[in-house]
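[1] what would the 3D arrangement of this be:
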Amino acid sequence: MQNMPINKVRNIGIMAHIDAGKTTTTERILFYTGRVYRIGEVDDGTASMDWMEQEQERGITITLAATYCHWKNHRITIIDTPGHVDFTAEVERCLRVLDGVVAIFCAVGGVEPQSETVWHQADRYDIPRIAFVNKMDRTGADFFAVVEAMKTKLGARAIPIQIPWGIEDTFQGVIDLIHNQAIRFSPDDQGAHPEKGPIPDELEEVAGRYRSQLLEALAEQDDDILTDYLEGREITLDRVKKILRQSVITGKIIPVLCGASLRNIGTQPLLDAIVDYLPSPLEVPPVRVFDQEGNKATRPPDKKGPLTALVFKIVSDDYCGKLVYIRVYCGTLKKGQKILNSSSRRKERVSRLLEMHANRREERQEVIAGDIAAVVGLECVSTGDTICDPGHPVFLEGMRFAEPVISMAVEPQSPSESEKMKEILDKLAGEDPTFKLNLNEETGQTIISGMGELHLQVMVGRASREFSVRVKMGKPSVAYRETIEERKSGEGKFIRQSGGKGQYGHVILDVRPAPRGFGFEIRETVKRAEIPLDLLPAVREGIKDAARSGYIAGYPMTDIIVTVTGGSFHEVDSTEIAFKAAASIAFKDAIKKAGPILLEPIMSLQVISPSEFIGAIIADTGSRRGKIRETKKNPKRVIIRSLVPLAELFGYATALRSLTQGRASYTMEPAYFDIKSA
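    Presented below is the predicted three-dimensional model:
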């Protein structure tokens, strides 16, 4: 890890819709780079990246898995992400720390709903991407249709740098448009030694057409190539690669490759593309940091600079305790070093540094700028915290996660396990920012919230398998939210006098509605003469506590901006407890005046069905308060996209099977929160 020059490092993620072949492709990458000596299969439960029992049983990726390998004197750190919408937070935290992404698409399914979700997540972080169209050996595979779908659905400048050699059961290799050659993969040696040769005669015309498209796309990015192309001069391979690399890093071109990972076709050229076209840490913009006064600066990836790292995942490990995944942006972190967690303002010591390969680990003495590693020894740490040099405290931008949309009550199988259950679920909530744990004070029930039924089932399953806590689950319920419609102010006073030292707190604040999806934010314009600086954390805590319990029906409040504008204090009697209580009173007073309303989660629903059932599906969607966004037909099937309240979708799988004789399928994902209608 330490000896690899930073320009030879690639930190990449593998992302896609569920069942597009992410883990299968990652297994081939590890095999051909010599990281593993046997190809693991998802269907057999032997994939090294799907190491959790539930992943092996369900055949899907549930949690991100990190590993590394070497290819052509480059070090590639790979994070394999989940494809199921319930685990979208895993994708979000990965994209925050990666430099490049391989987006995998199914040659039959094309751009599927979760493909769009993860693509737009990557757009938010401006991450360079290359695309790999997998499963070219499947019946119905259509490489060129997938490329067109990338252009129309994703708005991507998708340019093939390969085209398939054969299709479906005749698929045997790829035509490399960069090197102008054919690459054939033999099943006899698991595709380990691809054969390179001239392009077959029957493919010369189509290869020439798509190579011209590639050169035209590059000519738009470089005047010298444009001149040579127009004048018919040969463009050297080095220049093609150089301009293509620049175009990928700036996001102007998405190169598209193809293959069939399960049949061991196309992995080595994909590795070449990762090395040739995705950026090193030196080639992405330096990370932005903020000092304690809020001033902005940047930290370039220099191993001699002040330590700056981001915590992006926390895992409870049987052997190591709390395993903290970090991305080091600047400086060097050594075993035994003392660090500052600027987010919690605590100093801690790093006891061990680990390099991860799924659930296996290797000890390291140090990690440097550009590395992704795991740290042992940090206790007071949360996802999104900044780890830095105590002498140079800074803050990195944190991560924002989607709000949970579904809740259910849980209880232990035996009353004696009640405390242990809460402790374990609280630990799991610390690992996953989209998994929430709350106690309903009125009913005494423990309520868990997450991104979907599968998400909650997996978390409860982990409590049982990993921590031996038997948990009973109730029926799922919708995780509503509350917000306001008007801007109002509120005032709260908490005054108690009992003969000795009293309690005095006085807070004035303003609440106003924010756009949907904004979240909850507290600002302060109050003068220090009105509320001292050391009492403001108590004010914020009081506001947050009141917001968590809501006003109408006890649901958390969101899409609100709270501004603390005034107050007063007593030099002797003012305490944190008094100001926390006063802030809570002021917030509730303002909310009461501001027109509180209930929000419900709206889901983006996509149904794929034979055309003869379109009328029944649309009618059923309308009965569920759904709004049709788009209907696409072809001779065999119809795709219906709609927006439907989550409250109307419980039991939808059974209803859809009944409507379509079991011939339709659907996917859904959270879209936004909106005002609850009757």
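
[2] quick check, pLDDT for residue 441.
    According to the prediction, residue 441 has pLDDT 61.

[3] show the pLDDT at the residue nearest to residue 200 when sequence neighbours are not counted.
    Here the nearest residue to residue 200 in space, its sequence neighbours aside, is residue 182; by Cβ to Cβ, 6 or more residues apart in numbering that works out to 6.2 Å. To be clear about C-beta, it is placed using only N, CA and C from the backbone, and glycine gets the same treatment. Per-residue confidence (pLDDT) for residue 182: 95.

[4] mean confidence for the helix or strand harbouring residue 619?
    Residue 619 belongs to helix 614-623 when assigned by DSSP states H and E. For helix 614-623, mean pLDDT is 93.

[5] who does that helix touch, helix- and strand-wise?
    strand 596-610, strand 627-633, strand 637-645, helix 652-660 (3 or more Cβ pairs under 8 Å, 6 or more residues apart in numbering; DSSP states H and E).

[6] quick one, it and strand 637-645 angle?
    10 degrees (axes from the mean of the first three to the mean of the last three Cα atoms, to 10 degrees).

[7] can you report how many residues lie near residue 99?
    Per other Cβ atoms under 10 Å, the neighbour tally for residue 99 reads 23.

[8] wait, it touches residue 277, no?
    No: if you go by Cβ atoms under 8 Å, residue 99 and residue 277 don't touch, sitting 11.9 Å apart.

[9] spit out the residues that contact the two alike.
    residue 128 (Cβ atoms under 8 Å, 6 or more residues apart in numbering).

[10] mind checking how far the closest residue to residue 629 other than its chain neighbours is from residue 88?
    Nearest non-adjacent residue to residue 629, counting by Cβ to Cβ, 6+ apart: residue 641, 4.7 Å away. Residue 641 sits 18 Å away from residue 88, taking Cβ to Cβ, to the nearest Å as the criterion.

[11] which of the two has more residues huddled nearby?
    residue 88 (23 against 14).

[12] if I've got this straight, that one is in a helix?
    Yes: applying DSSP: H, G, I helix; E, B strand; the rest coil, one finds residue 88 inside a helix.

[13] burial count for the closest residue to residue 446 other than its chain neighbours?
    In space, and not counting its chain neighbours, residue 446 is closest to residue 410: 5.4 Å by Cβ to Cβ, 6+ apart. Number of residues near residue 410 (other Cβ under 10 Å) recorded here: 20.

[14] contacting residues for residue 410?
    421, 425, 446, 447, 448, 460, 471, 472, 473, 474.

[15] helix, strand or coil for the nearest residue to residue 610 once chain neighbours are set aside?
    Distance criterion Cβ to Cβ, 6+ apart; nearest residue to residue 610, sequence neighbours excluded, is residue 663 at 5.3 Å. With three-state DSSP as the basis, residue 663 sits in coil.

[16] pretty sure residue 663 is touching residue 609, no?
    Yes: in this structure, residue 663 is within contact of residue 609 by Cβ under 8 Å, at 6.7 Å.

[17] who has more neighbours out of these two?
    Taking neighbours as other Cβ under 10 Å, residue 663 and residue 609 compare with residue 609 leading, 21 against 14.

[18] partner residues bridging that one?
    The partner list for residue 609 in beta bridges (DSSP bridges) reads residue 638.

[19] contacts only, for residue 164.
    136, 141, 143, 171, 174, 175, 258.

[20] next step: those restricted to strands.
    174, 175, 258 (DSSP state E).

[21] so which of the residues you listed wins on neighbours?
    Result: residue 258 is most packed of the ones in strands among the contacts of residue 164 (other Cβ under 10 Å), 31 neighbours.

[22] spatially nearest residue to that residue (excluding sequence neighbours)?
    residue 133 (4.4 Å).

[23] lowest-pLDDT helix or strand in the chain?
    One helix or strand of the chain scores below all others by mean pLDDT, DSSP states H and E: helix 53-58, with a mean of 50.

[24] quick revisit: closest to residue 623 among the ones in strands among the contacts of residue 164?
    residue 258 (42.2 Å; Cβ to Cβ).

[25] and that closest one, what pLDDT?
    For residue 258, pLDDT reads 96.

[26] begin at 42, not 1, for the rest of this chat.
    With 42 as the first residue, the last one maps to residue 299.

[27] show the average pLDDT along the helix of greatest length in the chain.
    Longest helix in the chain by number of residues (criterion: DSSP state H): helix 617-634. On average, the pLDDT along helix 617-634 is 95.

[28] remind me what that helix packs against, helices and strands.
    strand 529-537, strand 544-554, helix 577-590, strand 601-609.

[29] where does the stretch 592-719 of the chain have low pLDDT?
    676-677, 719 (pLDDT under 70).

[30] got the contact list for residue 424?
    134, 352, 353, 354, 355, 440, 472, 474.

[31] next, it: secondary structure please.
    With three-state DSSP as the criterion, residue 424 reads coil.

[32] where's it relative to residue 259, distance?
    Taking Cβ to Cβ, one finds residue 424 at 40 Å from residue 259.

[33] how about the strands of the stretch 242-391 of the chain, start to end?
    295-299, 328-331, 337-340, 349-358, 362-371, 373-375, 379-382, 387-390 (DSSP state E, counting those that start in this stretch).

[34] most packed of those strands?
    Mean neighbour count, computed with mean count of other Cβ atoms under 10 Å, is highest for strand 295-299 among the strands of the stretch 242-391 of the chain, reaching a mean of 25.

[35] who does that one pair up with?
    strand 170-175 (parallel), strand 199-201 (parallel).

[36] to residue 405, which of those strands lies closest?
    strand 170-175 (28.9 Å).

[37] now do the closest one: distance to the chain's middle.
    Offset of strand 170-175 from its chain centre (Cα atoms, centre = their mean, to the nearest Å): 18 Å.

[38] contacting residues around it?
    61-62, 65-66, 141-148, 163, 184, 187-188, 191, 197, 199, 289, 292, 295-302, 307, 311, 314-315, 318-319.

[39] what average pLDDT does that strand get?
    Across strand 170-175, the per-residue pLDDT values average to 96.

[40] also stretch 528-539?
    Mean predicted confidence for stretch 528-539 is 90.

[41] measure how far it is from the centre of its chain, please.
    41 Å.

[42] need the CA coordinates for it. CSV is fine.
    Taking Å, rounded to 0.1, in the frame of the first residue of the first chain, the C-alpha atoms of stretch 528-539 are listed here in CSV:
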residue,chain,number,x,y,z
ARG,A,528,-43.3,31.4,8.8
LYS,A,529,-43.9,32.2,12.5
SER,A,530,-41.9,33.1,15.6
GLY,A,531,-42.2,31.5,19.1
GLU,A,532,-41.0,32.3,22.6
GLY,A,533,-40.2,30.0,25.4
LYS,A,534,-39.4,30.7,29.1
PHE,A,535,-38.4,28.2,31.7
ILE,A,536,-38.2,29.8,35.2
ARG,A,537,-38.1,27.8,38.4
GLN,A,538,-37.3,29.2,41.9
SER,A,539,-37.1,27.0,44.9
